[in-house]
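Enquirer: sequence? don't have it. structure:
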């Protein structure tokens, strides 16, 4: 099953029985795709669609994600409910209402992520030229953080350590990428450089898939154990996104170092300092879909394991 990406202005979506029709000025005839081949729809351009398109997607469990191509952090999603196991959500709330158990789950999450970050640093240092002294310092700092995770007594301490390890990764990324990227660290709303644009777009797409996977397993994506519940945010989907975050950072750096994306693929304006343009998105989405197949399986396995943990608690 594939994701349908709509990235051309004035596209129109329609339904013909068991198929979705894509009308676009750039196509000589409508593109017809069977719903059975679709896993999701991502819209990142001005598109016309009627309510019956959403109803058709809902009845078949196909999520629709809408992205703003100029600011990929602005997005909306419709995730059809795929399960009616209400008792699991009740148990989930009971588990997260226990501070000790919640902190324990959060420690496992951050510890796993820190180990992935350690492996990523070793990979980068092995394959890229970085001053040895710098390598040793960064590795030792991350080792210290990993040792401290088990002794955390609160979520605030844990978030401090997670933030410190993320700074190490972003600093290392700034040493790896070419000067034209102008990457000095993580920034957003809006992202101000090509690396942050790619990170924000990738995180948004993964976040949507995590929301879908949790919903499919009758887990409430709003009730996070590491990220605090916030109005309008699927905090547990943010937790699950952390399991993929390090892989995304590695993949984004590869896109730049292997020159899949170059300066002409990014534009800027007074309102948006950096945007992945139409030509850049035409390169990004096929590469993303190829890698996303692996991440999707991993996300679903994690959601399945979390559901099993809730049931057994």
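Expert: Structure received. Keep in mind it's a predicted model, so treat the numbers as computed, not measured.
Enquirer: For this structure, give me the ranges with low pLDDT.
Expert: 1, 71-74, 81-84, 129 (pLDDT under 70).
Enquirer: So it: which segments form each domain?
Expert: 2-62, 86-312 (automatic domain parsing).
Enquirer: could you dump those domains to JSON lines with mean neighbour count?
Expert: To be clear about C-beta, it is placed using only N, CA and C from the backbone, and glycine gets the same treatment. Formatted as JSON lines, the domains of the chain follow (neighbours: other C-beta atoms under 10 Å):
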{"stretch": "domain 2-62", "mean neighbour count": "15"}
{"stretch": "domain 86-312", "mean neighbour count": "17"}
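Enquirer: right, and those - which one's nearest residue 78?
Expert: domain 2-62 (6.4 Å; C-beta to C-beta).
Enquirer: Out of the domains of the chain, which is closest to residue 69?
Expert: domain 2-62 (4.7 Å).
Enquirer: so how far is the helix of greatest length in the chain from its chain's centroid?
Expert: What stands out as the longest helix in the chain, according to DSSP state H, is helix 278-312. On the basis of C-alpha atoms, centre = their mean, to the nearest Å, helix 278-312 is displaced by 8 Å from the centre of the chain it belongs to.
Enquirer: Show me what stretch 295-313 is in contact with.
Expert: 39, 88, 91-92, 94-95, 101, 206, 209-210, 213-214, 216-219, 240, 243-244, 247 (C-beta atoms under 8 Å, 6 or more residues apart in numbering).
Enquirer: any idea how far residue 9 lies from residue 114?
Expert: 43 Å (C-beta to C-beta, to the nearest Å).
Enquirer: phi, psi of the residue lying closest to residue 214 once chain neighbours are set aside?
Expert: Excluding its sequence neighbours, the residue lying closest to residue 214 (C-beta to C-beta, 6 or more residues apart in numbering) is residue 221, at 4.3 Å. Main-chain torsions, residue 221, degrees, to the nearest 10: phi -70, psi -10.
Enquirer: Just list the residues touching residue 221, thanks.
Expert: 210, 211, 214, 215, 234, 235, 236, 237.
Enquirer: Identify the farthest-apart pair in the residues you listed.
Expert: Going by C-beta to C-beta, the pair spanning the contacts of residue 221 furthest: 215 and 235, at 13.7 Å.
Enquirer: And the contacts of the helix or strand where residue 139 lies?
Expert: When elements are defined using DSSP states H and E, residue 139 is found to belong to helix 132-149. Helix 132-149 is contacted by residues 107, 110-111, 114-115, 117-118, 121-122, 125, 158, 161, 164-165, 168, 171-172, 175 when judged by C-beta under 8 Å, 6+ apart.
Enquirer: what about the helices in the stretch 1-150 of the chain?
Expert: 51-59, 86-96, 99-127, 132-149 (DSSP state H, counting those that start in this stretch).
Enquirer: now the ones you listed as TSV including distance to residue 285?
Expert: Shown next, in TSV, are the helices of the stretch 1-150 of the chain (distance: least, C-beta to C-beta, whole Å):
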stretch	distance to residue 285
helix 51-59	19
helix 86-96	34
helix 99-127	24
helix 132-149	33
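Enquirer: out of those, which comes closest to residue 193?
Expert: Of all the helices of the stretch 1-150 of the chain, it is helix 99-127 that lies closest to residue 193, at 19.0 Å by C-beta to C-beta.
Enquirer: okay, the angle between that closest one and helix 86-96?
Expert: Orientation note: helix 99-127 sits at an angle of 90 degrees relative to helix 86-96 (axes from the mean of the first three to the mean of the last three C-alpha atoms, to 10 degrees).
Enquirer: Numbering from 29 from now on, please.
Expert: With the count now opening at 29, the last piece we talked about shows up as helix 127-155.
Enquirer: Report the distance from helix 127-155 to the chain centre.
Expert: Worked out by C-alpha atoms, centre = their mean, helix 127-155 lies 17 Å from the chain centre.
Enquirer: In terms of secondary structure, what does it contact?
Expert: helix 114-124, helix 160-177, helix 183-204, helix 263-285 (3 or more C-beta pairs under 8 Å, 6 or more residues apart in numbering; DSSP states H and E).
Enquirer: Indicate which one of those helices is closest to residue 71.
Expert: Using C-beta to C-beta, these put helix 263-285 closest to residue 71, at 19.3 Å.
Enquirer: other SSEs contacting that closest one?
Expert: Partner elements for helix 263-285 (3+ C-beta pairs under 8 Å, 6+ apart): helix 127-155, helix 183-204, helix 222-244, helix 306-340.
Enquirer: what's downstream of that helix, the next helix or strand?
Expert: strand 294-295.
Enquirer: Show me what the helix or strand that that following strand is followed by is in contact with.
Expert: Next helix or strand after strand 294-295 toward the C-terminus (DSSP H and E): strand 303-304. Contact partners of strand 303-304, identified using C-beta under 8 Å, 6+ apart, comprise 97-98, 100, 222, 225-226, 229, 289, 293-297, 312.
Enquirer: Fine by me, we can end here.
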